[in-house]
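In: Pasted the sequence and its predicted model underneath.
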Amino acid sequence: MTSLPPTQQTAPPVSTASPDAHSTARPSLAPLSAANLTVRVGARTLVESLTAEFSPGEFVAILGRNGCGKTLTLHTLAGLRAASSGVVHMDGRPLNEINRRDIARRLGVLTQDLEEGFATTALESVLIGRHPHLSLWQWESDEDEQVARKALAAVDLVDFAARLTDTLSGGERRRVAVASLLAQDPAQFLLDEPTNHLDPHHQLAVLSLFRELTRNGRTVIATLHDPTLAARFADRAILLSGDGSWRAGPVEEVLTAASLSELYFTPIVELRQDGRRVFTSA
């Protein structure tokens, strides 16, 4: 696991350095990294000078209040929106210099909510994840269909292949979206609230699935609302305050009752249950 500089791991949430502080630094050799990344909306600076490396085999959780910039930061890391300043690198190259097809072969994004223009079968929806691996006008092969069916099985929807998506519940559609991302087979997974619409059983199942993928060398970055889930599944956490300041480090150090109480503007207590840490409002 690649660590951030100690001053940014262990210090309390503080404003980060100016965007030019490390402008002469060499690009990271990590598959995905951010250097002095600043995210703004209008006159608001949500994240200032975020520097982080996301290495193979780790799960990084991004937490913060509503409107703090979690989704916008994830979209910036994915190259779906331009950074106000700073740069995202993939395999040592600036992300904005890589064409979207090549990015899609290496990086997959699960958006917060999915809008479907028309109903398709669950299998057809999952097969969309194979498109970055196909040439122009190429049809999906039998092998692609096998990959898609395996992905449906991984999210417990093996018997739903022929079901139209407009007949599925919100949680089932969410799992179809996860299956499509699995079929895409990227090295880096960027997940925006992957537990949206899922019941507790499937929340744990989906996060366990991505945790297992990190053991095979994949990288997972996920925005989460539940610090208990972050403590259970993530290696590192990035806490976004929404005023430009942020804090990052190992979950054991960053996710504490004190830091979360400050982050969410409400008293949080930490409990222990079966060797796990559980966070709840006081």
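Out: Sure thing, it's come through. Residues are numbered from 1 along each chain as shown.
In: just for the chain, where's the confidence low?
Out: The chain contains residues with pLDDT under 70 at 1-29, 115-117.
In: now the strands for it?
Out: Remark: strands assigned in the chain by DSSP state E are 32-41, 44-54, 59-64, 85-90, 93-94, 107-110, 188-192, 219-223, 236-240, 246-250, 268-273, 276-281.
In: Identify whichever of these lies nearest to residue 155.
Out: strand 107-110 (11.9 Å; C-beta to C-beta). Placement of C-beta: from N, CA and C, glycine included.
In: Quick one: list the elements packing against the closest one.
Out: helix 170-184, strand 188-192 (3 or more C-beta pairs under 8 Å, 6 or more residues apart in numbering; DSSP states H and E).
In: May I see the buried residues of the longest one?
Out: Taking 16 or more other C-beta atoms under 10 Å as the basis for neighbour counts, the residues of helix 170-184 that come out buried are 171-184.
In: same for it, what does it pack against?
Out: Partner elements for helix 170-184 (3+ C-beta pairs under 8 Å, 6+ apart): strand 107-110, helix 122-127, helix 142-154, helix 200-215.
In: Identify whichever of the ones you listed lies nearest to residue 58.
Out: helix 200-215 (6.0 Å).
In: can you dump the C-alpha coordinates of that closest one into PDB?
Out: Extracted in PDB, the C-alpha atoms of helix 200-215 (Å, rounded to 0.1, in the frame of the first residue of the first chain):
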ATOM      1  CA  PRO A 200     -27.600  -4.700   4.300                       C
ATOM      2  CA  HIS A 201     -26.900  -8.100   3.000                       C
ATOM      3  CA  HIS A 202     -26.100  -6.900  -0.500                       C
ATOM      4  CA  GLN A 203     -24.200  -3.900   0.800                       C
ATOM      5  CA  LEU A 204     -21.800  -6.400   2.500                       C
ATOM      6  CA  ALA A 205     -21.800  -8.700  -0.500                       C
ATOM      7  CA  VAL A 206     -20.900  -6.000  -3.000                       C
ATOM      8  CA  LEU A 207     -18.200  -4.400  -0.900                       C
ATOM      9  CA  SER A 208     -16.800  -7.900  -0.100                       C
ATOM     10  CA  LEU A 209     -16.700  -8.500  -3.900                       C
ATOM     11  CA  PHE A 210     -14.600  -5.400  -4.500                       C
ATOM     12  CA  ARG A 211     -12.400  -6.200  -1.400                       C
ATOM     13  CA  GLU A 212     -11.700  -9.500  -3.000                       C
ATOM     14  CA  LEU A 213     -10.700  -7.900  -6.300                       C
ATOM     15  CA  THR A 214      -8.000  -5.800  -4.400                       C
ATOM     16  CA  ARG A 215      -6.500  -9.100  -3.300                       C
END
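In: Can you give me the buried ones in that helix?
Out: Using 16+ other C-beta under 10 Å as the burial criterion, the residues of helix 200-215 that qualify are 202, 203, 204, 205, 206, 207, 209, 210, 211, 213, 214.
In: again with stretch 215-229
Out: 218, 219, 220, 221, 222, 223, 224, 227, 228, 229.
In: Ok, stretch 54-74 next?
Out: For stretch 54-74, by 16+ other C-beta under 10 Å, it's 54-56, 58-64, 68-74.
In: Report the contact partners of the closest residue to residue 272 other than its chain neighbours.
Out: Leaving aside its chain neighbours, residue 272 sits nearest to residue 278 (7.2 Å; criterion: C-beta to C-beta, 6 or more residues apart in numbering). Counting by C-beta atoms under 8 Å, 6 or more residues apart in numbering, residue 278 touches 228, 270, 271, 272.
In: Of those, just say which sits nearest to residue 123.
Out: Nearest member of the contacts of residue 278 to residue 123, counting by C-beta to C-beta, is residue 228, at 34.1 Å.
In: List the residues that contact that closest one.
Out: Per C-beta under 8 Å, 6+ apart, neighbours of residue 228: 276, 277, 278, 279, 280.
In: Now which of those would you call buried?
Out: By 16+ other C-beta under 10 Å, these give 277, 279 as buried.
In: Make TSV from the contacts of residue 228 and add distance to residue 194 to it.
Out: Below are these laid out as TSV (distance: C-beta to C-beta, whole Å):
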residue	distance to residue 194
276	19
277	20
278	20
279	19
280	21
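In: Of the contacts of residue 228, which is the nearest to residue 250?
Out: Nearest member of the contacts of residue 228 to residue 250, counting by C-beta to C-beta, is residue 277, at 12.8 Å.
In: how near is residue 94 to residue 189?
Out: 21 Å (C-beta to C-beta, to the nearest Å).
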